[in-house]
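A.B. asks: Sequence and predicted structure are below.
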Amino acid sequence: MYRSDVSSEESERTAFRKAEKKYKIYYDNTRKKKIARAVDLSEVVDFKSILEKYNCNGELVEGVSVLKCDFDRPIFCLESRRGFYFIPGALSVDEQCKWIRESLTNFPQPPNRTNHNAIYGPVNDLFDSAKEGKVLVSEEKLLEDACSKINGSESTFQWKFVEELGESCKSVLASVLLRKLRWSTLGVQFDWSKRSYNVSLPHKKIPDALHQLAKRMAKPAMPCGEEFQPEAAIVNYFGAGDMLGGHLDDMEKDWSKPIVSMSLGCKAIFLLGGKSREHNPTAMFLRSGDVVLMAGEARECFHGVPRIFTDAENAEISDLESQFTGEDEKPYLNYVRTSRININIRQVF
């Protein structure tokens with residue numbers, strides 16, 4: 001799903017890596033607290049500002065055009081990157097809240113896989129367990145399959161959430177696991193060890209509401225007369241200081257079909273480069289509710305997220321904060337104030 005074909009030593013010298021370092025967050029330590037070092041954002045493309053000017057007087061900045069189609073809002077294109085489309089504020093605030101809730105409660109649920117599977121196996125009800133202050137503990141379990149009966153009983157460890165910690169057992173707070181959640185996969189599952197989709201892994205179809213939303217968003221980027229078929233998705237979770245290094249999404253069969261990428265939560269910087277890491281990437285802001293489509297030639301471009309903004313001044317999540325107001329919504333509010341979620345949906349076959 002993600003590919004990097006340059007050695008670490010070589011990549012440190014590329015134009016893409018230099019841009020990542022430029023926008024990555026660095027801290028200056030003081031006696032009282034860490035302070036984020038200032039960064040020059042003057043060259044970052046701001047499609048929200050472009051949209052406001054376009055709606056006001058029809059003007060566009062150099063290198064940006066508008067896709068002519070019957071979509072319900074302007075879709076912007078970068079003339080230097082064919083197949084790349086940016087839809088500012090494509091999702092309403094209500095839609096954003098809905099998909100934030102789904103991303104935290106339902107999307108990490110088995111049989112969907114997460115980065116925690118490798119260590120803890122399937123983890124059920126992570127978000128609710130974090131809300132309730134539960135602890136994930138390991139308990140020894142006897143294996144009673146045919147092999148163990150022949151060779152004598154063997155033991156292994158399984159993990160479960162409990163309210164109170166027992167004696168001498170491995171444990172980790174659910175809240176810690178939630179903060180370490182980095183990805184979950186929906187629909188056809190991706191086997192990270194083999195870097196391929198594995199239809200034999202247990203999975204559920206992409207939820208119908210997300211399926212329909214992805215089809216609607218993908219339509220402007222689809223080849224004429226064809227319809228997008230959402231078959232898989234990856235949900236990325238970013239905390240303060242997290243980044244997603246430059247990569248290609250290259251494991252799907254037909255690159256003429258777009259990746260539909262939806263941003264939720266704190267504002268981020270997105271880098272879109274070229275077919276080589278040596279090409280200077282274009283930096284742009286991604287805000288909650290923005291949708292990006294990458295199809296055709298744009299699928300061959302390196303891209304990544306070097307920074308998210310979690311400070312109150314730059315996160316730009318006041319609309320979300322005004323929605324997550326009830327006592328039951330407080331855990332979502334606390335999470336989204338320091339996090340970004342990205343849902344990207346793909347047609348695999």
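C.D. replies: The structure has been received and is ready for your questions. Residues are numbered from 1 along each chain as shown.
A.B. asks: What's the biggest helix in this structure, counting residues?
C.D. replies: helix 93-105 (DSSP state H).
A.B. asks: Does anything pack onto it? Which helices or strands?
C.D. replies: Judged by 3 or more C-beta pairs under 8 Å, 6 or more residues apart in numbering; DSSP states H and E, helix 93-105 is in contact with helix 126-131, helix 208-218, strand 259-265, helix 318-323, helix 330-336, strand 339-346. Any C-beta I mention is one placed from the backbone N, CA and C, and that applies to glycine too.
A.B. asks: The helix or strand following it pairs with which strands?
C.D. replies: Moving toward the C-terminus from helix 93-105, the next helix or strand (DSSP states H and E) is strand 113-114. Note on strand 113-114: by DSSP bridges, its sheet partners are strand 183-187 (antiparallel).
A.B. asks: what angle sits between the strand it pairs with and helix 208-218?
C.D. replies: 90 degrees (axes from the mean of the first three to the mean of the last three C-alpha atoms, to 10 degrees).
A.B. asks: Pull strand 183-187 out as CSV, backbone CA atoms only.
C.D. replies: Extracted in CSV, the C-alpha atoms of strand 183-187 (Å, rounded to 0.1, in the frame of the first residue of the first chain):
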residue,chain,number,x,y,z
TRP,A,183,-3.9,2.8,11.6
SER,A,184,-6.9,0.5,11.0
THR,A,185,-8.0,-1.2,7.7
LEU,A,186,-11.5,-1.5,6.4
GLY,A,187,-12.9,-3.8,3.7
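A.B. asks: list the contacts for Gly63?
C.D. replies: The neighbourhood of Gly63, defined by C-beta atoms under 8 Å, 6 or more residues apart in numbering, consists of 78-80.
A.B. asks: That one and His279, how far apart?
C.D. replies: 15 Å (C-beta to C-beta, to the nearest Å).
A.B. asks: Ok, Gly326 next?
C.D. replies: In terms of C-beta to C-beta, Gly326 sits 47 Å off from His279.
A.B. asks: Looking only at neighbour counts, state which of these two leads.
C.D. replies: Set side by side, Gly326 and His279 show more neighbours around His279, with 16 against 9, by other C-beta atoms under 10 Å.
A.B. asks: how about the nearest residue to that one, chain neighbours excluded?
C.D. replies: Gly273 (5.0 Å; C-beta to C-beta, 6 or more residues apart in numbering).
A.B. asks: Need the winner for burial among the helices and strands packed on helix 93-105.
C.D. replies: strand 259-265 (a mean of 26; mean count of other C-beta atoms under 10 Å).
A.B. asks: Kindly calculate the angle that the helix or strand just after that one makes with strand 259-265.
C.D. replies: Moving toward the C-terminus from strand 259-265, the next helix or strand (DSSP H and E) is strand 268-272. Between strand 268-272 and strand 259-265, the angle comes out at 160 degrees (the same axes, to 10 degrees).
A.B. asks: Just checking: what are the partner strands of strand 268-272?
C.D. replies: strand 282-286 (antiparallel), strand 303-308 (antiparallel).
A.B. asks: Go through those and name the closest to Ile35.
C.D. replies: strand 303-308 (15.4 Å; C-beta to C-beta).
A.B. asks: Now do that closest one: everything it contacts.
C.D. replies: Under the contact criterion C-beta under 8 Å, 6+ apart, strand 303-308 has outside partners 16, 19-25, 39, 238, 240, 242-248, 266-273, 281, 286, 294, 339-340, 342.
A.B. asks: now the angle from that strand to strand 339-346?
C.D. replies: Counting by the same axes, to 10 degrees, strand 303-308 lies at 170 degrees to strand 339-346.
A.B. asks: got the CA coordinates for strand 303-308 in PDB?
C.D. replies: This file holds the C-alpha atoms of strand 303-308, laid out as PDB (Å, rounded to 0.1, in the frame of the first residue of the first chain):
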ATOM      1  CA  HIS A 303       3.300  12.400  -1.000                       C
ATOM      2  CA  GLY A 304       3.300  12.600   2.700                       C
ATOM      3  CA  VAL A 305       2.300  14.500   5.900                       C
ATOM      4  CA  PRO A 306       5.300  16.100   7.700                       C
ATOM      5  CA  ARG A 307       3.300  18.000  10.300                       C
ATOM      6  CA  ILE A 308       0.000  18.400  12.100                       C
END
